[in-house]
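# predicted model, plus sequence, below.
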Amino acid sequence: MKAVVVFRIDRRGGVATYLQIVRQVEQALRMGTLKVGDRLPTAAQVAADTKVNPNTTLKAYRELERAGLAEVRQGAGTFVTRSLAPAQTASESPLRAQLAEWLNEARSQGLGGQEVLALFESVRAAVYPGGTDG
């Protein structure tokens, strides 16, 4: 199985590049975008797409393997071994559908991506005042 993962690297954010890759894989696992058995892009593919050193990707993949989220199969690639997706975030979940409706409404009212993120973050902080884990 092959999943499409598009890594976005923020070179000004102060977060190590390999950690950005790890976090993006974890987010894809939480959202159900990546599933058990999916093959991650090769280090060379990630390097070409993001202009990072392939060793950076390998470091991220080793971290994912250490966390039990992926495994390297010699000659075959790196594969997802565990999901982080709770039932509420699966692609067919009602919450996801409601969020998509809300985002479409926000777009129709002229909000751009940054404005939506700022609005979401302010509401998230009000609902989860201690952080993101509840």
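Yep, that arrived. Numbering: from 1, shown residues only.
# am I right that residue 130 is in a helix?
No - counting by DSSP: H, G, I helix; E, B strand; the rest coil, residue 130 is located in no helix; its state is coil.
# now do the contacts for it.
By C-beta atoms under 8 Å, 6 or more residues apart in numbering, the contact list for residue 130 is empty. In short, each C-beta sits where N, CA and C put it, glycine included.
# from residue 30, how far out is it?
19 Å (C-beta to C-beta, to the nearest Å).
# quick one: residue 94 and residue 101, what's the gap?
11 Å.
# my bad, should have said residue 58
40 Å.
# between those two, which one's more packed in?
It is residue 58, of residue 58 and residue 101, that has more neighbours when counted by other C-beta atoms under 10 Å, with 17 against 10.
# what helix or strand is the more buried one on?
Using DSSP states H and E, residue 58 maps to helix 54-66.
# buried sites along that helix?
56, 57, 58, 59, 60, 61, 63, 64 (16 or more other C-beta atoms under 10 Å).
# helix, strand, or coil at the closest residue to the fifth one other than its chain neighbours?
Right, the one you point to is residue 60. Distances taken as C-beta to C-beta, 6 or more residues apart in numbering place residue 21 nearest to residue 60, at 3.7 Å, with adjacent residues excluded. Classification of residue 21 using three-state DSSP returns helix.
# for residue 21, what are its contacts?
7, 9, 46, 56, 57, 60.
# hmm, 10 Å instead?
By C-beta atoms under 10 Å, 6 or more residues apart in numbering, residue 21 lies in contact with 5, 7-9, 40, 43, 46, 50, 52, 56-57, 59-61, 63-64.
# list just the nearest of those residues to residue 76.
Ranked by distance to residue 76 (C-beta to C-beta), those are led by residue 40 at 11.3 Å.
# count the neighbours of the nearest residue to that closest one once chain neighbours are set aside for me.
Nearest non-adjacent residue to residue 40, counting by C-beta to C-beta, 6+ apart: residue 78, 4.4 Å away. Using other C-beta under 10 Å, residue 78 has 23 neighbouring residues.
# likewise the one 5 residues further on?
Close neighbours of residue 83, defined as other C-beta under 10 Å, add up to 16.
# is it in a helix, a strand, or coil?
Per three-state DSSP, residue 83 ends up coil.
# good, we can wrap up now.
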